[in-house]
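>>> Using only what follows, build the 3D model:
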Amino acid sequence: MTAQPDRSTADRPSPAGPLAHPLARRWLLASCLPVLLVLGMALTVPPAPSAATARTPGAADTAGMPGMPGMAGMAAAPGDAPDLAAAGLVAERDGYRLDLAGPGPAAGRATDLRFTVTGPDGSPVTDFAVHQTKKLHFYAIRSDLTGFQHLHPDLAEDGTWTAALDALAPGSWRLYADFVPNTGPHAAELVLSRTVTVPGEAAPVPLPAPGDTATADGYTVTLTARAAAGAHRLTAVVSRDGRPVRDLQPYLDAYAHLSAFHEGDLALAHLHPSGTVGGDHGGPELTFQALFPEPGNWRVFLQFRAAGQLHTAALTLRVD
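This next block holds a predicted model:
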């Protein structure tokens, strides 16, 4: 409690003598205490974030990331929740909405799944920009990270897309639409998704242990990555029978395509390849600009074309 001066003597001159100066010093010190406390608190309060550093919820943070157009979001800081919109885990973003039409997929048989993307005006979008040679990329993955499908649906004049899905096993699935609205040269890539349940008794498959090597149709893929959330370089080397493969063919305007899904929430990391394409001379080394928005186990699917066939290699990558 702050000391107060003696009001009985405050309004009259202090008597001369040895007690006058000590009393004055004690009064001065007591009067200064509140000021010193306020100054100390001001020095310990952190400054408020400026407009330049504040993040907008749901906005993709790709500044300073050359060679990574449309990448969905930066890595979350340790302990932070991932940006659901940036990870492709929302059905609506920036006024665009993914809606499924008609009945959902049935178990055990192929399904022509129909859906629309509505724009900010509420109408189905019919004008999409071409990115990676397609107007829309469609993905399906089961909750246990099995059954991966990457399709390029057909667009009708009324804005309805039709994706020819192979048979889906019973269980919970997430379906993603990856597209760029044709609204100008700086339009952002968007990833929207919805979940569906395929009826029947689901039999979950355990996630394979993390590793750096996978095989597909006689090809071996070895993956090298800095296993940490954030932006960095990821390299894949393709070989066959122990010999480097140097005749990969273009696929989606690149020599390989890589997508990854996070164990648990099924966040999507769509990794864009680096380099240029020049005929059937790709490989053996393929480089990607990797951006994993959160730590954990990721199921990685590397797709490449060789000898006229599309091959898909899958492996589990641990990201810290």
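>>> and stretch 83-94, which residues are buried?
Asp83, Leu84, Ala85, Ala86, Ala87, Gly88, Leu89, Val90, Arg93 (16 or more other CB atoms under 10 Å). C-beta: built from backbone N, CA, C; applies to glycine.
>>> all strands in the stretch 151-300 of the chain, in order from the N-terminus.
154-155, 160-165, 171-179, 190-198, 213-216, 219-225, 230-240, 243-244, 257-262, 268-273, 285-292, 296-306 (DSSP state E, counting those that start in this stretch).
>>> Nearest to Gly279 among these would be which one?
Proximity to Gly279, assessed across these by CB to CB, is greatest for strand 296-306 (12.5 Å).
>>> Counting by contacts, list what the closest one packs against.
Applying 3 or more CB pairs under 8 Å, 6 or more residues apart in numbering; DSSP states H and E, one finds that strand 296-306 contacts strand 219-225, strand 230-240, strand 257-262, strand 285-292, strand 309-319.
>>> Quick check, central residue of the chain?
Ala87 (3.4 Å; CA atoms, centre = their mean).
>>> how close does that residue sit to Pro124?
25 Å (CB to CB, to the nearest Å).
>>> go on, His150?
His150 is 23 Å from Pro124, by CB to CB.
>>> Ok, Ile141 next?
Taken as CB to CB, the span from Ile141 to Pro124 is 25 Å.
>>> on that earlier part again, looking at the strands of the stretch 151-300 of the chain, which is nearest to Asp99?
strand 190-198 (8.1 Å).
>>> hmm, back to that, who has more neighbours, Ile141 and Pro124?
For Ile141 versus Pro124, the count of surrounding residues by other CB atoms under 10 Å is larger for Ile141: 22 against 19.
>>> The helix or strand where the more buried one lies pairs with which strands, and in what direction?
Assigned by DSSP states H and E, Ile141 belongs to strand 136-142. Using DSSP bridges, strand 136-142 pairs in its sheet with strand 149-151 (antiparallel), strand 171-179 (antiparallel).
>>> will you turn the ones you listed into JSON lines that also has mean pLDDT?
Formatted as JSON lines, those follow (pLDDT from 0 to 100):
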{"stretch": "strand 149-151", "mean pLDDT": "98"}
{"stretch": "strand 171-179", "mean pLDDT": "97"}
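>>> Buried deepest among those, which one?
Highest mean neighbour count of the strands paired with strand 136-142: strand 171-179, a mean of 22 (counted as mean count of other CB atoms under 10 Å).
>>> contact partners of that one?
Contact with strand 171-179 is made by 88, 98, 100, 105, 113, 115, 117, 128, 131, 135-144, 147, 161, 189-198, 200, 202-204, 266, 268, 270, as judged by CB atoms under 8 Å, 6 or more residues apart in numbering.
>>> thinking again about what came up before, what residues of the strand holding Ile141 count as buried?
Quick answer for strand 136-142 (16+ other CB under 10 Å): Leu136, His137, Phe138, Tyr139, Ala140, Ile141, Arg142.
>>> Averaged pLDDT, that strand. What do you get?
Averaged over strand 136-142, pLDDT sits at 98.
>>> Pull the distance from it to the chain's centre.
15 Å (CA atoms, centre = their mean, to the nearest Å).
>>> Not counting its own residues, what contacts that strand?
117, 128, 147-153, 155, 161, 163, 165, 168-169, 171-179, 259, 261, 266, 268, 270, 299.
>>> how big is the angle separating it from strand 160-165?
40 degrees (axes from the mean of the first three to the mean of the last three CA atoms, to 10 degrees).
>>> Going forward, the N-terminal residue is numbered 67.
Fine by me, first position is 67 from now on; the one you just mentioned is strand 202-208.
>>> Now do strand 202-208 against strand 323-328, angle only.
Using the same axes, to 10 degrees, strand 202-208 lies at 40 degrees relative to strand 323-328.
>>> by how many degrees do strand 202-208 and strand 256-264 diverge?
Using the same axes, to 10 degrees: strand 202-208 against strand 256-264 is 40 degrees.
>>> what's the next secondary structure element after the helix or strand of the chain with the lowest mean pLDDT?
Taking mean pLDDT, DSSP states H and E as the measure, the helix or strand of the chain with the lowest value is helix 86-110, at a mean of 38. Downstream of helix 86-110, the next assigned helix or strand under DSSP H and E is strand 158-159.
>>> what's the offset of that next one from the middle of its chain?
14 Å.
>>> Output the below-cut-off pLDDT ranges for this structure.
For the chain, the stretches with pLDDT under 70 are 67-148, 293, 338.
>>> cutoff 90 now
Within the chain, the ranges that satisfy pLDDT under 90 run 67-153, 168-170, 172-174, 197, 291-299, 335-342, 344, 355-360, 386.
>>> Next one: Leu234 from Gly154, what distance?
From Leu234 to Gly154 the distance is 19 Å (CB to CB).
>>> er, His298 actually
20 Å.
>>> Tyr242 too?
From Tyr242 over to Gly154 (counting by CB to CB), the distance is 5 Å.
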